[in-house]
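Engineer: The following comprises the amino acid sequence and a computationally predicted model.
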Amino acid sequence: MLSRVAFNTGRMNAARMGAARSMSSHMSAPQFARSFSTTVRDAATIEDALKYSGYSDIDFTIKEDAPVYDAVQKFAAYNIGCLVVTDEAGNMTGIVSERDYVCKIALLGRTSKDTPVKEISTRGSNIITAVADETVDSCMSKMMAKGIRHLPIVDGEKTVIGMISIKDLVATVVKEKEDTIKVLSDFALGKGGHFGSE
């Protein structure tokens, strides 16, 4: 008789413990998910990439009627490979790169001092641009599809607000991966604000 009572009591206790564990897991999983989702950042955007851009602190534009020689001087002075071409009003009319100089001036025997930038720049519908809230992955896809290494960044009015290179995108991706690894390591080691310690 006593053994039967003890057996039934044990079953009831086990059932209570199982229910408690089930409730605990149902409550803690969403809380953990919320904590984790607020710690791991969303996908990096061009706004993030602009922080690494070598174009941020320089004048990366050149007038379309300027000689190609002026563009080459800017390439050398700022150690960059692309410039936004503008008209007299400051509107973008094209882009010109070191590759344009090599293929359309040097190889053809033309002189950079006698050739205006607009004659060798990429113009019109061939200009590929991006916006600040566009993802880095999206911009990398654009570059790979078109075989280009630079993208002018425009706002809603199509006004140029920046320029990024493939190097800027790579630097952003590396930083993003490093941040993600740190967050995962902190969770695994019980570190971080969500666990009450640093």
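Structural biologist: Thanks, I have the structure now.
Engineer: how about the spatially most central residue of the chain, what does it touch?
Structural biologist: For the chain, the residue nearest the mean C-alpha position is Val136 (3.2 Å; CA atoms, centre = their mean). When contacts are counted by CB atoms under 8 Å, 6 or more residues apart in numbering, Val136 touches 43-46, 48-49, 169, 172-173, 176. C-beta: built from backbone N, CA, C; applies to glycine.
Engineer: Of the residues you listed, select the buried ones using a PyMOL command.
Structural biologist: Filtering these down to the buried ones (16 or more other CB atoms under 10 Å) takes a single PyMOL command:
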select buried, resi 44+45+46+48+49+169+172+173+176
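Engineer: Show me which of the contacts of Val136 is closest to Cys103.
Structural biologist: Within these, the smallest distance to Cys103 is 23.9 Å, found for Leu169 (CB to CB).
Engineer: Mind giving me the packing neighbours of the host helix or strand of the closest one?
Structural biologist: Per DSSP states H and E, Leu169 falls inside helix 166-188. Helix 166-188 is packed against helix 2-39, helix 46-49, helix 136-146, with contacts defined by 3 or more CB pairs under 8 Å, 6 or more residues apart in numbering; DSSP states H and E.
Engineer: just for the chain, where's the confidence low?
Structural biologist: Along the chain, segments meeting pLDDT under 70 span 1-41, 191-198.
Engineer: Is it correct that Asp70 is in contact with Glu64?
Structural biologist: No: Asp70 is beyond contact range of Glu64, at 11.2 Å (criterion: CB atoms under 8 Å).
Engineer: which neighbours do the two share?
Structural biologist: Jointly contacting Asp70 and Glu64 under the rule CB under 8 Å, 6+ apart are Val117.
Engineer: Pick out whichever of these two has more residues nearby.
Structural biologist: A direct count of neighbours by other CB atoms under 10 Å for Asp70 and Glu64 places Glu64 higher, at 19 against 16.
Engineer: from memory that one sits against Ile120, does it?
Structural biologist: No: contact between Glu64 and Ile120 fails when scored by CB under 8 Å: they sit 10.5 Å apart.
Engineer: Which residues are in contact with each of these two?
Structural biologist: Shared contacts of Glu64 and Ile120 (CB under 8 Å, 6+ apart): none.
Engineer: And the closest residue to Leu83 other than its chain neighbours, which helix or strand is it part of?
Structural biologist: Of all residues not flanking Leu83 in the chain, Ile62 sits nearest, at 4.8 Å (CB to CB, 6 or more residues apart in numbering). Using DSSP H and E, the element containing Ile62 is strand 61-63.
Engineer: And that strand, what does it pack against?
Structural biologist: On a contact count with 3+ CB pairs under 8 Å, 6+ apart, strand 61-63 meets helix 68-78, strand 82-86.
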